[in-house]
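Enquirer: Need coordinates for the following:
(chains A, B, C and D)
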Number of protein chains: 2
Amino acid sequence: MLTASQPRVRLQAVEPRRLYRQIADQIRTLIGKGAVAPGARLPAERDLARQLGVSRPSLREALIALEVEGLLEVRVGSGIYVSRADGRGRAAEIAGASGPFEVIRARWMIEGECAALAAKNGTAAQLRAIRKAHTDLQKEAKRHHNPLDADRAFHVAIAQATGNSALELVVQTLWDQRVGPLYRALEMKLEYPAMARETTDEHEAVLSAILARDPGSARTAMRRHMDMTKKRYSKDWKEAGK
Amino acid sequence: MLTASQPRVRLQAVEPRRLYRQIADQIRTLIGKGAVAPGARLPAERDLARQLGVSRPSLREALIALEVEGLLEVRVGSGIYVSRADGRGRAAEIAGASGPFEVIRARWMIEGECAALAAKNGTAAQLRAIRKAHTDLQKEAKRHHNPLDADRAFHVAIAQATGNSALELVVQTLWDQRVGPLYRALEMKLEYPAMARETTDEHEAVLSAILARDPGSARTAMRRHMDMTKKRYSKDWKEAGK
DNA sequence: CAAAAATAATCGGTCTGACCACTTGACCAA
DNA sequence: TTGGTCAAGTGGTCAGACCGATTATTTTTG
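Expert: Okay, here's the model as predicted:
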């Protein structure tokens, strides 16, 4: 080994990339460039192999690699097709389209259940985390800071307490919808310090119900919080004119 | 050969799954069970192929699939080794992504409500869109195509019929969670054509309830669909996946 | 004439067997 | 010790063949 004295030159290890990877890269690039449309059929294996100047087994290895990656779909007896939706960034398309009231309505539904689940299944540590998020929010509000981050943390903590990371993902996704232009315009008009009191009160109710392990009350409290939030937004919605 | 007279029975039971997937499953299971330690070397390709009773090209296809998944590492001229980073890397990935069963549970909750809302509020055009998505799925299934895209379209169409784009976003987000590594490994074991019948039947129930404007039945039918989906996944969840 | 059944052309799935290039370690020589 | 040689083992790649599934076409049938 050459661990004793370092070589002066940092020469890159020769990388004889295996054939199937080279082929896969080439096809992947073609798909990425849009040279072959999603859903389109590729040439038959035999033709592809001939065009690429490789044997069919090697081409097949590349195809299987791309299939595992989810880029291709092989239909026996029919052909090889580019996957229609490799799932990337489609959600982002309508991300900007969700209006504040739609989001609140969805949260009413989802976070209400989250609160109930948290009350039912949350571990002691998770409940502690919720309480901590709540006191953090109170502190932030007292200091007249922007309480948005702390508010988010409270709701996410409840979602975490459900023990279901998919629900946590959903709550985060919905919360982060307020990056949208509509939301922004609306929040510009909101007076946070003024509503901080109400918000913390409503949170308080949710927190108590969860700590009391009362799923029904937790759900009700969370829904009420959402109703009030909607009302607060509505007020400024009308004032804004549109 | 037995090409002479075929039995009338339509025996779907005998694994029509492609060979490389069966082999990959077997090896993945071995690794998951810890039968081969991380860093350990597997038998030579020729030996493995003989032991498994398959040809070397087929075995190689399976090895490449597992290599793309990151479970194996192939060193030219040396041998095939179980990835060491498997534990860490996989745990990290899993931490970020939501597991299949968490997603199904979340969908049970959310899409159930979506179905109810769609039955209550969906416009005629939106309901038509749902029905079209359903027939599309039926057609795809009949052609033994991979019905995933059409399946997704059905569920998204229902979410759209709620008239709440935030809910649509949520449904899409959850659906697209299956790009995760855990999901992928699981789906490699699934056989879509076999379950297409059940899926379309369950969808049928959901569709009927929505078209009948019956929110309660729609919710129940959708929840039942999710329960069944979970059951289908569970069947293949006997691995040491975690 | 239209629907259904048989047919033929494609296409992917798999196998056999072979040869090549690389890695490894044992052995030998300077 | 150092360096080289060599052989065995291993993965990489290939060519050709046959099978079964799919699909479009043609033929048959009502």
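Enquirer: which residue sits closest to A:A150, ignoring its sequence neighbours?
Expert: By the measure of Cβ to Cβ, 6 or more residues apart in numbering or on different chains, the closest residue to A:A150 outside its immediate chain neighbours is A:L137, 3.9 Å from it. Every C-beta, even on glycine, is put in place using the N, C-alpha and C of the backbone.
Enquirer: Backbone dihedrals for the one you found, both of them.
Expert: Here is the backbone geometry of A:L137 (degrees, to the nearest 10): phi -60, psi -40.
Enquirer: What pLDDT is listed against it?
Expert: Note on A:L137: pLDDT of 88.
Enquirer: Could you measure from it over to chain B?
Expert: Look at A:L137 and chain B: by Cβ to the nearest Cβ, to the nearest Å, they are 23 Å apart.
Enquirer: Pretty sure that residue sits against A:R152.
Expert: No: in this structure, A:L137 sits apart from A:R152 without contact. The criterion is Cβ atoms under 8 Å, and the distance is 9.5 Å.
Enquirer: Which one's more surrounded, the two?
Expert: For the pair A:L137 and A:R152, the greater number of neighbours falls to A:L137 (23 against 17), based on other Cβ atoms under 10 Å in any protein chain shown.
Enquirer: Which residues are in contact with the more buried one?
Expert: Remark: with contacts taken as Cβ atoms under 8 Å, 6 or more residues apart in numbering or on different chains, A:L137 is in contact with A:147, A:150-151, A:153-154, A:199-200, A:203.
Enquirer: Let me know the closest of these to DNA strand D.
Expert: Nearest to DNA strand D among these, counting by Cβ to the nearest atom of the strand, is A:A153 at 48.3 Å.
Enquirer: list the contacts for the residue nearest to the closest one when sequence neighbours are not counted?
Expert: Excluding its sequence neighbours, the residue lying closest to A:A153 (Cβ to Cβ, 6+ apart) is A:A133, at 4.5 Å. For A:A133, the set of contacting residues under the criterion of Cβ under 8 Å, 6+ apart consists of A:150, A:153-154, A:156-157.
Enquirer: Helix or strand for A:A133, just tell me which one.
Expert: Secondary-structure element containing A:A133, defined by DSSP states H and E: helix A:124-142.
Enquirer: same question, A:I80
Expert: strand A:79-82.
Enquirer: So for the helix or strand following that strand, mean pLDDT?
Expert: Elements were assigned by DSSP H and E; along the chain past strand A:79-82, the next helix or strand is helix A:100-121. Over the span of helix A:100-121, the pLDDT mean works out to 94.
Enquirer: Check the contact between A:A119 and A:I210; I expect there is one.
Expert: Yes: here A:A119 lies in contact with A:I210, judged by Cβ under 8 Å, at a distance of 4.5 Å.
Enquirer: what about the two, which has more around it?
Expert: With other Cβ under 10 Å as the criterion, A:A119 and A:I210 differ in neighbour count, and A:I210 comes out ahead with 29 against 26.
Enquirer: next one: the longest helix anywhere in chain A to chain centre, how far?
Expert: Taking DSSP state H as the criterion, chain A has its longest helix at helix A:215-240. On the basis of Cα atoms, centre = their mean, to the nearest Å, the separation between the geometric centre of helix A:215-240 and that of its chain is 24 Å.
Enquirer: Check stretch A:110-130 too.
Expert: Its chain's average C-alpha position is 20 Å from that of stretch A:110-130, according to Cα atoms, centre = their mean.
Enquirer: which other residues reach that stretch?
Expert: For stretch A:110-130, the external contacting residues (Cβ under 8 Å, 6+ apart) are A:154-155, A:157-164, A:167, A:170-171, A:174, A:206-207, A:209-223, A:226, B:109-110, B:170.
Enquirer: repeat that with 6 Å
Expert: A:157-159, A:161-163, A:167, A:206, A:210, A:213-215, A:218-219, A:222-223, B:109 (Cβ atoms under 6 Å, 6 or more residues apart in numbering or on different chains).
Enquirer: Which PyMOL command selects the buried ones in those residues?
Expert: This is the PyMOL syntax for the buried subset of the contacts of stretch A:110-130, where burial follows 16 or more other Cβ atoms under 10 Å in any protein chain shown:
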select buried, (chain A and resi 157+158+159+161+162+163+167+206+210+214+215+218+219+222+223) or (chain B and resi 109)
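Enquirer: What's the first helix or strand after the helix or strand of chain A with the lowest mean pLDDT?
Expert: For chain A, counting by mean pLDDT, DSSP states H and E, helix A:181-188 ranks last in confidence among helices and strands (a mean of 62). Per DSSP H and E, helix A:181-188 leads on to helix A:192-211 as the next helix or strand towards the C-terminus.
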